[in-house]
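>>> The following comprises the amino acid sequence and a computationally predicted model.
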Amino acid sequence: MKLEKAILSFILSFALVSPVFAEGNKSLQDSLPDSLSDSLSGAITGHCDSLRQTFHSIQVSDASTRSYLGHIYEVLIADYMKPLNKRLVDSSIVNPSLVSLQGEFITARIKFNSDFIAYSQSLEELISIDCKTSPESFVKSLSATREKRSAVSSDVKFLENLLAKYRSSVVGLKKSLKDPDAASNTTEKESL
Amino acid sequence: MTRGGKNLLILGGISVLITIITSGVALALYYYSGDVYFDRSRPGYLPNTTEEDEEEKLDDYSFSDTGSLSESDLDVYLEHLDSIIDSMNHIEDPFSKKSLSNDSLGLPEK
């Protein structure tokens, strides 16, 4: 009897604890845009299925792009930036720009990952909307998804710029190794 | 049914319940954390052989983190770095606005 009571209270404790999740996106019913034009509304409701298929294709294509770029970023950090900076330390060569660029690159990559997640969640929400019955919600969600996709695009461009700066710094390092006197003269001039 | 048999049934029921709850929590975390969007083992998202080959090529070179640094080391380093930059440039305007534009979706402007 005691054992049965213990088992029952154990089962009840699971039933009473409900998982708490972070709140999702703000409800699409809040602040809906002004009513859509007939042509836009008609196009959305008429092509709902093909729109969904298009979004799914974009989803798959974006997953492939993200995976490829993500792999490149990981390779750059693990096989290029970190080993070079470590070797600079071992060789007692001071190059703060390469170190700071590595840090910036890692931070930018993390931002890229989190922006991609936000964009993917928005795209998934867009696909789940029944555009035949809720074209206004569809348009609002589409607008939000476009913004999030634009953020991911900006992250990629920022990472490309950082990589270009990194390459220039490595070229500068190579020149300084070739001609250490020129490098030290340049440093003296800059300090004056 | 004997007392032992009853207890065994209860134990089995509790085990199944715990499994369902923990699996549910794990799946929920998988979706809410965003890991699902990085998972390419899902049906329809598997990489094709070309993608796998291209990714493998990137893993061919790794700059050594020990030893002194010379100009020739950096020449090789820059050569491989340039090949990676070329690989990135093969993807034309990733995540461009075009894909979700009204034109691409076949929607009128207003």
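Nice, I can see it. Residues are numbered from 1 along each chain as shown, chains lettered A, B, ... in the order given.

>>> What is the least confident helix or strand in chain B?
Within chain B, no helix or strand scores below helix B:49-58, which has a mean of 69 by mean pLDDT, DSSP states H and E.

>>> what residue ranges in chain B score low on pLDDT?
Applying pLDDT under 70 to chain B flags residues B:44, B:48, B:51-52, B:54-56, B:58, B:110.

>>> what's the spacing between the longest helix along it and its chain's center?
Ranked by residue count, the top helix of chain B under DSSP state H comes out as helix B:3-32. Mean C-alpha position of helix B:3-32 versus that of the full chain (Cα atoms, centre = their mean, to the nearest Å) differs by 29 Å.

>>> name the helices or strands packed onto that helix?
Contacts defined by 3 or more Cβ pairs under 8 Å, 6 or more residues apart in numbering or on different chains; DSSP states H and E place helix B:3-32 against helix A:2-16. In short, each C-beta sits where N, CA and C put it, glycine included.

>>> pull the CA atoms of the helix or strand following the helix it packs on into CSV?
The C-terminal neighbour of helix A:2-16 among helices and strands, as given by DSSP states H and E, is helix A:38-46. Written as CSV, here are the backbone C-alpha positions of helix A:38-46 (Å, rounded to 0.1, in the frame of the first residue of the first chain):
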residue,chain,number,x,y,z
ASP,A,38,-7.7,42.5,-54.3
SER,A,39,-4.9,41.5,-56.8
LEU,A,40,-2.4,40.7,-54.1
SER,A,41,-4.9,38.9,-51.9
GLY,A,42,-6.1,36.9,-55.0
ALA,A,43,-2.6,36.0,-56.0
ILE,A,44,-1.8,34.8,-52.5
THR,A,45,-4.9,32.7,-52.1
GLY,A,46,-4.7,31.4,-55.7
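
>>> what does helix A:38-46 contact?
Applying Cβ atoms under 8 Å, 6 or more residues apart in numbering or on different chains, the external contacts of helix A:38-46 come out as A:36, A:51, A:131, A:132, A:135, A:138, A:139, B:106, B:107, B:108, B:110.

>>> how about 6 Å then?
The contact list for helix A:38-46 (Cβ atoms under 6 Å, 6 or more residues apart in numbering or on different chains) reads A:131, A:132, A:135, A:138, B:107, B:108.

>>> which element follows it toward the C-terminus?
Following helix A:38-46 toward the C-terminus (DSSP H and E): helix A:48-75.

>>> and that following helix, is it in reach of chain B?
Yes. Using Cβ under 6 Å from any Cβ of the partner chain, we find that helix A:48-75 touches chain B at A:58, A:63, A:65, A:67, A:71, A:72, A:75.

>>> For the first one, give me its contacts.
The one in question is residue A:58. residue B:99.

>>> Without its sequence neighbours, what residue ends up closest to residue B:100?
Of all residues not flanking residue B:100 in the chain, residue A:146 sits nearest, at 5.1 Å (Cβ to Cβ, 6 or more residues apart in numbering or on different chains).

>>> What ranges in chain A fall below the confidence cut-off?
A:1-34, A:180-192.

>>> and the top helix by length along it with helix A:48-75, angle?
Criterion DSSP H: the longest helix present in chain A is helix A:135-178. Relative orientation of helix A:135-178 versus helix A:48-75 (axes from the mean of the first three to the mean of the last three Cα atoms, to 10 degrees): 20 degrees.

>>> For burial, what's the neighbour tally of the nearest residue to residue A:162 once chain neighbours are set aside?
In space, and not counting its chain neighbours, residue A:162 is closest to residue A:105: 5.2 Å by Cβ to Cβ, 6+ apart. Residues contacting residue A:105 under the criterion other Cβ atoms under 10 Å in any protein chain shown number 21.

>>> With the one 4 residues further on instead?
The tally of other residues near residue A:109 (other Cβ under 10 Å) stands at 20.
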